[in-house]
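[1] Quick one, what's the 3D model for this:
(one chain, ligands or ions: 1)
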Amino acid sequence: MEIALLDGGEGWEIVQALDREVYSPQFMATAIWRDVVWAHADKRVVVRDEGRVVCHAGLFFREGTLDGRPARMCGIGGVMTVPAARKRGYASAAMRRAAEAMTGVDFGLLFCEPHNTALYAGLGWRVFGGTVTCVQPSGPFLFDMMPTMILPKRAAPERGAVDLCGLPW
Ligand SMILES: CC(C)(COP(=O)(O)OP(=O)(O)OC[C@H]1O[C@@H](n2cnc3c(N)ncnc32)[C@H](O)[C@@H]1OP(=O)(O)O)[C@@H](O)C(=O)NCCC(=O)NCCS
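    Coordinates of the predicted model:
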């Protein structure tokens, strides 16, 4: 397994095919978040096995707020492993590399569907009990369609009001 940390734009060229395979039209038809407008990743962890791209995690560095005070966060989004290579630890490895890259942040923040919370909990992430607001083209948007999880860094908020001050990830 090779793990690389790439710039967001450069990495997107490399993971587009994986994205199309994982988020197929059939998958998207039932995804509760299919109409959300997402931010573009600042960095990307790309995992290859024997040269083939098998897994990805996007990193989103953001100056947001927690209870009205500035909070530097690193979002994680677009975590995906090619279906044929799941349950081999690729996403876990990508998440560990992403956590290493989160220097100078107060906390990590991700959204995930309930069936995936155990995966992230095993990697040190905790379910956040507060609210998260972000921006959509229609205006401010309360992001409550999926659980939010926090990776403690300088801070470990368990509840409160997070504002992403921009598009979600
Ligand atoms: C969620 C997803 C990214 C997980 O990827 P993955 O590479 O299979 O993840 P891992 O292999 O690191 O871990 C998955 C599980 O396999 C287990 N596992 C890891 N290595 C294993 C091995 N060698 N043998 C058996 N099980 C193993 C892990 O313990 C974990 O178990 P858990 O789900 O009970 O916590 C993948 O299923 C996916 O792409 N899903 C579709 C898109 C999606 O939902 N993305 C998440 C958005 S938040």
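[2] and the longest helix for the chain?
    Using DSSP state H, we find that the single longest helix of the chain is helix 8-22.
[3] avg pLDDT for it?
    Throughout helix 8-22, pLDDT has a mean value of 95.
[4] ok, which stretches of the chain are helices?
    Under the criterion DSSP H, helices of the chain are mapped to 8-22, 25-30, 90-100, 117-121.
[5] picking that back up, is the longest helix of the chain in proximity to the ligand?
    Yes. Against the ligand, helix 8-22 shows contacts by Cβ under 6 Å from any ligand atom at Val22. In short, each C-beta sits where N, CA and C put it, glycine included.
[6] Does Glu158 touch Phe128 like I think?
    Yes. With contact defined as Cβ atoms under 8 Å, Glu158 counts as touching Phe128 (6.9 Å).
[7] intersection of neighbour lists for these two?
    Common contacts of Glu158 and Phe128 (Cβ atoms under 8 Å, 6 or more residues apart in numbering): Ile150.
[8] which one of the two has more residues nearby?
    Set Glu158 next to Phe128 and count neighbours by other Cβ atoms under 10 Å: Phe128 wins out with 20 against 11.
[9] Next, work out how far apart the more buried one and Met145 are.
    14 Å (Cβ to Cβ, to the nearest Å).
[10] Name the stretch among the helices of the chain that sits most buried.
    Sort the helices of the chain by mean neighbour count, taking mean count of other Cβ atoms under 10 Å, and helix 90-100 sits at the top with a mean of 20.
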